[in-house]
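**Q** when you get a sec, could you give me coordinates for this:
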Amino acid sequence: TMVGRLCFRNVNALAPMVRVGTLPTRLLSLDYGADIVYSEELIDIKMAQCQRVVNEVLETVDFVAPDERVMFRTCEKEKDRVVFQMVGYTRELSLSAMENDVAAIDVNMGCPKEYSTKGGMGAALLSDPDKIEAILRTLVKGVSKPVTCKIRILPTLEDTLSLVKRIENTGVAAIAVHGRLKDERPRHPVHCDFIQAIAEAVSIPVIANGGSLDRVKAHADIEEFRKATGASSVMVARAAMWNPSVFRSQGLLSVEEVMEEYLKYAIRYDNHAFNTKYCLCQMLRDKVESPLGKQLKSAQTNKEICEGYGLQEYYKKTQAELQYPGEFSPKMFLLEWSRKENLEQPRYETVQRSQDRAFQSMVTMTGKKYRSTLWEKSKKYAEQASAIVCLRVLGLPEGRAGEEYSGLVGKRKREKNNEMPDEEDTTTYFGARKRHLSENPEDLTTTLCNNCVKLLLYDRNKTACTFYIKW
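**A** Model (predicted):
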């Protein structure tokens, strides 16, 4: 059954896990064969306070809290396969800003941790079926994306089946079932018979969870767990936390290889160093006291973590690439100008040439289309090329040294139309941190050369990237 664009039948899913289910783990799991990946559970009240920020540097969409912390980060690669899991009373207002960035919304009704149950959230909801039904009906009605939920079993099969039938009647697209009671822990065996009875009692997809203790060690075990529970799909938690390559049909990879690939994603997407350390330590498990483990525990930054894995050059290369296009990119100037003039935001259409995998982009602005005749090595460069052609034709500033910035780049690239800041407010969003324009006033310099625009972009090491744009 396909609900929207996301299918919940016959899929292997990365389970929602606090601190583990951040972007690097999700992307790595997709690489290894996961069909669906869940975010870590996030509290609805906190998400309601976040602002949606388009991070052009990382090519991500960030939901940033008032204290500048990135609460949730996602990217185009996972857009059609990431399920955002929320815990709380899940008001629709918390979700309206993000539903177009994810494939589905899941409500956590099974977390037994005190920080959830103490506030009447998570597994505490299991004792209040009326509230469960009200929450799910409200979400199904108010959210355009598929809504699912994750529960634990109740003490009796009769009560459990009664609950899941009420949940099914709310219109949810699927239900994930952790086959343990609220008070049971991972050391207790999973109740496959309960999950099987649930799968037989409802017509919507049932996703079995809880088999990492003694059933799921490798990819082949996932199918065996599916058969043992009679479920449509399987959700893997701790086995994937220890080694995300559990999703590989070709078999497990070494933990060392997996950790290296994880770290590359963590660097590429500017993952917080403490979160990177935590996830790597989970993969090390009993080797956490090894020389590598001790070096990892002592590291305080992603750069120091990379040193333990021999990825210093990868770190330097990635950091240099992430500085381009910098805080004052042509795309950013064009976007801020459109917002200031209350115009429709620029739309980019990018194609890739098969023979050399080069990119060409066209931007539509005020009903007209602009593009460079050249092909670029990345989508990012191609979009910048089309943006600068548009800016030139419109006679707008594009970031040249000495051009007046006015208030154009003084506000953050946020979804909300905040008032333009005073001229003194010269901060701009960069990786959820503030930087001042005056720090690097010559990051972008452009000169006109015959019928071409010659664009020089300087990174923080003053290395220039040059390309020509005909127009």
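**Q** which SS state does Glu261 fall under?
**A** helix (DSSP: H, G, I helix; E, B strand; the rest coil).
**Q** ok, it touching Asp31?
**A** Yes. Glu261 is within contact range of Asp31, at 7.4 Å (criterion: Cβ atoms under 8 Å). C-beta: built from backbone N, CA, C; applies to glycine.
**Q** ranges for the helices of the stretch 51-200 of the chain?
**A** Under the criterion DSSP state H, counting those that start in this stretch, the stretch 51-200 of the chain contains helices at 114-117, 129-142, 157-168, 192-201.
**Q** output those helices in TSV; the columns should cover mean pLDDT and distance to Glu289.
**A** Formatted as TSV, these follow (pLDDT from 0 to 100; distance: least, Cβ to Cβ, whole Å):
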stretch	mean pLDDT	distance to Glu289
helix 114-117	56	29
helix 129-142	90	44
helix 157-168	96	42
helix 192-201	97	35
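**Q** now do the residue most central in space within the chain against Ile36, distance only.
**A** The centroid of the chain falls nearest to Thr74 when counting by Cα atoms, centre = their mean (2.2 Å). To Ile36, Thr74 is 14 Å away according to Cβ to Cβ, to the nearest Å.
**Q** okay, and the common contacts of those two?
**A** Taking Cβ atoms under 8 Å, 6 or more residues apart in numbering as the criterion, Thr74 and Ile36 both touch Val82.
**Q** please pull out the lowest mean pLDDT helix or strand from this protein.
**A** strand 427-430 (a mean of 26; mean pLDDT, DSSP states H and E).
**Q** low-confidence stretches in the protein?
**A** Across the chain, the ranges flagged by pLDDT under 70 are 1-4, 89-95, 110-124, 323-328, 398-471.
**Q** buried residues in stretch 356-376?
**A** Within stretch 356-376, the residues scored as buried using 16 or more other Cβ atoms under 10 Å are 358-365, 370-372, 375-376.
**Q** what's the end-to-end length of it?
**A** Taking Cα to Cα, to the nearest Å, stretch 356-376 runs 10 Å from one end to the other.
**Q** now do it: distance to the chain's middle.
**A** 27 Å (Cα atoms, centre = their mean, to the nearest Å).
**Q** circling back to that earlier point, between the helices of the stretch 51-200 of the chain, which gets nearest to Leu394?
**A** Nearest of the helices of the stretch 51-200 of the chain to Leu394, taken as Cβ to Cβ: helix 129-142 at 39.7 Å.
**Q** could you give the angle of that closest one to helix 157-168?
**A** 20 degrees (axes from the mean of the first three to the mean of the last three Cα atoms, to 10 degrees).
**Q** export helix 129-142 to CSV, keeping only CA atoms.
**A** Coordinates of each C-alpha in helix 129-142 appear next as CSV, following Å, rounded to 0.1, in the frame of the first residue of the first chain:
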residue,chain,number,x,y,z
PRO,A,129,-6.6,5.5,24.7
ASP,A,130,-9.1,8.4,24.4
LYS,A,131,-6.2,10.9,24.3
ILE,A,132,-4.3,8.7,21.8
GLU,A,133,-7.3,8.7,19.5
ALA,A,134,-7.8,12.4,19.8
ILE,A,135,-4.2,13.2,19.0
LEU,A,136,-4.0,11.0,16.0
ARG,A,137,-7.4,12.1,14.6
THR,A,138,-6.3,15.7,14.9
LEU,A,139,-3.0,15.1,13.1
VAL,A,140,-4.4,12.9,10.4
LYS,A,141,-6.9,15.7,9.6
GLY,A,142,-4.5,18.6,9.9
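**Q** which parts of it are buried?
**A** Ile132, Ile135, Leu136, Thr138, Leu139.
**Q** how close does the third one sit to Ile167?
**A** Between Leu136 and Ile167 the distance, using Cβ to Cβ, works out to 6 Å.
**Q** what touches both of the two?
**A** Cys149.
**Q** among the buried residues of stretch 356-376, which pair sits farthest apart?
**A** It's Ala358 and Met365 that sit farthest apart of the buried residues of stretch 356-376, by Cβ to Cβ, at 23.3 Å.
**Q** how close does Glu76 sit to Thr350?
**A** 11 Å.
**Q** these two: which is more packed in?
**A** Thr350 (17 against 11; other Cβ atoms under 10 Å).
**Q** residue contacts, the more buried one?
**A** So Thr350 contacts Phe359, Gln360, Ser361, Met362, Lys379, Ala382, Glu383 (Cβ under 8 Å, 6+ apart).
**Q** re the thing from before, of the buried residues of stretch 356-376, closest to Pro186?
**A** Phe359 (46.3 Å).
**Q** need the nearest residue in space to the closest one, chain neighbours excluded.
**A** Nearest-residue entry for Phe359: Ala382, 3.9 Å, with adjacent residues in sequence omitted and distances by Cβ to Cβ, 6 or more residues apart in numbering.
**Q** same for the helix or strand encompassing that neighbour, what does it pack against?
**A** Using DSSP states H and E, Ala382 sits in helix 379-394. For helix 379-394, the packing partners by 3 or more Cβ pairs under 8 Å, 6 or more residues apart in numbering; DSSP states H and E come out as helix 330-340, strand 347-352, strand 359-365, strand 368-371, strand 452-458, strand 464-470.
**Q** let's go with 10 Å and repeat that
**A** On a contact count with 3 or more Cβ pairs under 10 Å, 6 or more residues apart in numbering; DSSP states H and E, helix 379-394 meets helix 330-340, strand 347-352, strand 359-365, strand 368-371, strand 444-449, strand 452-458, strand 464-470.
**Q** which parts of the stretch 101-250 of the chain are strands?
**A** For the stretch 101-250 of the chain, the strands defined by DSSP state E, counting those that start in this stretch occupy 104-109, 147-152, 174-178, 206-209, 233-236.
**Q** good, we can wrap up now.
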